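*Asks:* Can you look at this prediction? I've put the sequence above it.
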Amino acid sequence: MRRIDELDAEMAQLRARVEAMSRESPVAPAPPAPPAHDAAAEPVSRRRALRTVGTVAAGALAGGFALGVGADPAAAAAPASFDATTGVPAVTADAGAAAATDAIHASAAAAGRHGVYAVATGTASAYGVYGFSTADSSSIGVRGSSTSGSGVSGDTTSGTGVIGTSTSGRGVSGASDSNAGVHGSSTNGAGVAGISYNAPGVSGSSTNGVGGDFSGDTAGHLHGTAIGLRASGGRVAASFDNTNAAPPTRTSVRFNRGDLDVDANGNLWFCIGSGTPGTWRQITGPGSAGSFHAVTPGRVYDSRCAQPSPGRITVGTKRTLSIADQRNLETGIVTVPNFVPAGATAVSANITVVETSGNGWLAVNPGGTLAVTASTINWSASGLYLANCVNLTLNTNRQITVICGNGSTDFFIDINGYYL
């Protein structure tokens, strides 16, 4: 009602202006430069002017906003301004149920221009663009597409650049052929924030580039009631890249417990204590054996069998053996190929000497390493049966080299697990 009263008052003002215009001398339509007075020009009738006023007022009432009249009727009209100062939306657009129809369609052809440009200047919870979807999983709160730029781009100094909320679809979805599908930047807040209850809050895809690219003091901050981050890929699920020194040596940086980092040498580190540089544990890397895989023990070599290399080992002998396959206890025939899989760097094994002669020792090295720097098992008399559980390093072909010191003996090797 107050809005209608305001429009009635404005119509009264417009009627008064038209009545004043009807009492003035007739004027010609305004050309680019003000012309001389033309007495023969047709005067504007009061009835026609009032009919125009009614049309303007009706349009204002239907659109839900007030139109201001400039002091100069010949002045160029300024772009329409919409203000939501009465607690209702400044603009409401509804595409209805028609397929492939846009409620608002905006485009920009000039460089540096925007199809839609929104600025939030309020305090808390003010958004330049806010999208919300409650329909099925194909519905999207905010969607942008581009062939060479950014599908959706948002910038902010302290809030959120782009935010999307969805109950069953996608909060924010952006697609681009050669740039970022969704781009958000913020000085103090979140560049992109997406919230969804049954689907991804933020979804990014690319055919030739990167589906999502995040940068900042904290490049990505993810929260999930069930899963914080789920990664999958046609090539790899996740990839880490860094050119920094190992985290434990970087004393200029403060780390937090739970941080995961990769150094320039490809070593993967996990922080177990916050600090500068914090307390770290190396998980794996080129120089480590990797994780241990226990197996049901299996025999991979026995010198008493016909295969693969029968016979006692004697002083000075160097025998290189493959321990990749599990073998029959009686014949040595392969029963389980790749019992120790390709890529294994070490094994846990039992080395057993049988019917020793004299006193002596065996050294077990990675395949092809002939220098003796330590013994693996020792005996002090003839006729002994002795076993020792050790970790053995392999070469890339899953081989070891056994070297006999003094004496002679038969021996066999059982595998308890491997490092991969």
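*Replies:* Perfect, I can see it now. All figures in this text were calculated on a predicted structure; none of them were measured in a lab.
*Asks:* Helices of the stretch 251-400 of the chain, residue ranges please.
*Replies:* In the stretch 251-400 of the chain, no segments count as helices under DSSP state H, counting those that start in this stretch.
*Asks:* For it, which segments are assigned as strands?
*Replies:* All strands of the stretch 251-400 of the chain, identified by DSSP state E, counting those that start in this stretch, fall at 260-262, 268-273, 279-284, 292-302, 313-314, 318-322, 326-327, 334-336, 346-357, 360-366, 377-379, 385-393, 399-404.
*Asks:* May I see the buried residues of the first one?
*Replies:* Right, strand 260-262. Residues of strand 260-262 classed as buried under the neighbour-count rule (16 or more other CB atoms under 10 Å) are 261-262. Every C-beta, even on glycine, is put in place using the N, C-alpha and C of the backbone.
*Asks:* ok, it: who's next to it in the sheet?
*Replies:* Using DSSP bridges, the strands paired with strand 260-262 in its sheet are strand 268-273 (antiparallel).
*Asks:* need the strands of the stretch 251-400 of the chain in TSV with mean pLDDT, can you?
*Replies:* Written out in TSV, the entries for the strands of the stretch 251-400 of the chain read as follows (pLDDT from 0 to 100):
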stretch	mean pLDDT
strand 260-262	92
strand 268-273	94
strand 279-284	91
strand 292-302	97
strand 313-314	97
strand 318-322	97
strand 326-327	98
strand 334-336	98
strand 346-357	97
strand 360-366	97
strand 377-379	97
strand 385-393	96
strand 399-404	98
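*Asks:* Output these in a markdown table; the columns should cover distance to Asp241.
*Replies:* Converted to a markdown table, the strands of the stretch 251-400 of the chain look like this (distance: least, CB to CB, whole Å):
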| stretch | distance to Asp241 |
| --- | --- |
| strand 260-262 | 7 |
| strand 268-273 | 12 |
| strand 279-284 | 16 |
| strand 292-302 | 27 |
| strand 313-314 | 47 |
| strand 318-322 | 36 |
| strand 326-327 | 39 |
| strand 334-336 | 38 |
| strand 346-357 | 27 |
| strand 360-366 | 30 |
| strand 377-379 | 44 |
| strand 385-393 | 29 |
| strand 399-404 | 33 |
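*Asks:* closest one to Glu10 among those strands?
*Replies:* Of all the strands of the stretch 251-400 of the chain, strand 260-262 sits nearest to Glu10, with 64.0 Å by CB to CB.
*Asks:* List the contacts of that closest one.
*Replies:* 240-242, 244, 247, 255, 268-271 (CB atoms under 8 Å, 6 or more residues apart in numbering).
*Asks:* for stretch 233-248, same thing?
*Replies:* Counting by CB under 8 Å, 6+ apart, stretch 233-248 makes contact with 231, 250, 253, 255, 259-265, 267-269, 271, 277-278, 280, all of which sit outside it.
*Asks:* mean confidence score for it?
*Replies:* Mean pLDDT, taken over the full extent of stretch 233-248, equals 83.
*Asks:* which of the residues in it are buried?
*Replies:* Within stretch 233-248, judged by 16+ other CB under 10 Å, the buried ones are 246-248.
*Asks:* and if you look at stretch 316-323?
*Replies:* By neighbour count, and taking 16+ other CB under 10 Å as the criterion, the buried residues in stretch 316-323 are 319-323.
*Asks:* sorry, back to before: just the closest of the buried residues of stretch 233-248 to Gly191, please.
*Replies:* Ranking these by separation from Gly191, with CB to CB as the measure, puts Pro247 on top at 25.2 Å.
*Asks:* picking that back up, which one of the contacts of strand 260-262 sits closest to Thr356?
*Replies:* For the contacts of strand 260-262, with Thr356 as the reference and CB to CB as the criterion, the closest is Leu268, at 43.8 Å.
*Asks:* before we move on, back to that, want to throw the buried residues of stretch 316-323 into CSV with distance to Gly358?
*Replies:* As requested, the buried residues of stretch 316-323 are exported to CSV (distance: CB to CB, whole Å):
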residue, distance to Gly358
Arg319, 18
Thr320, 24
Leu321, 23
Ser322, 29
Ile323, 27
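*Asks:* and which of the residues you listed is nearest Asp5?
*Replies:* Taking CB to CB as the measure, Ile323 is the one of the buried residues of stretch 316-323 closest to Asp5, at 94.4 Å.
*Asks:* Okay, the closest residue to Thr314 other than its chain neighbours and Val364: tell me how far apart.
*Replies:* Of all residues not flanking Thr314 in the chain, Ser408 sits nearest, at 4.1 Å (CB to CB, 6 or more residues apart in numbering). With distances taken as CB to CB, to the nearest Å, Ser408 is found 16 Å from Val364.
*Asks:* Outline the domain layout of this protein.
*Replies:* Domains of the chain are assigned by automatic domain parsing as 2-63, 130-204, 247-284, 292-419.
*Asks:* Give the burial count for Thr92, as a bare number.
*Replies:* Using other CB atoms under 10 Å, Thr92 has 10 neighbouring residues.
*Asks:* repeat for Val253
*Replies:* Summarising burial for Val253: neighbours were counted as other CB under 10 Å, giving 12.
*Asks:* Could you report the distance from it to Gly216?
*Replies:* Distance check for Val253 against Gly216: by CB to CB, it reads 16 Å.
*Asks:* got it, and Tyr418?
*Replies:* When Tyr418 is compared with Gly216 (using CB to CB), they lie 41 Å apart.
*Asks:* about what we covered before: do you know which of the strands of the stretch 251-400 of the chain lies nearest Gly224?
*Replies:* Gly224 lies closest to strand 260-262 among the strands of the stretch 251-400 of the chain, at 16.7 Å (CB to CB).
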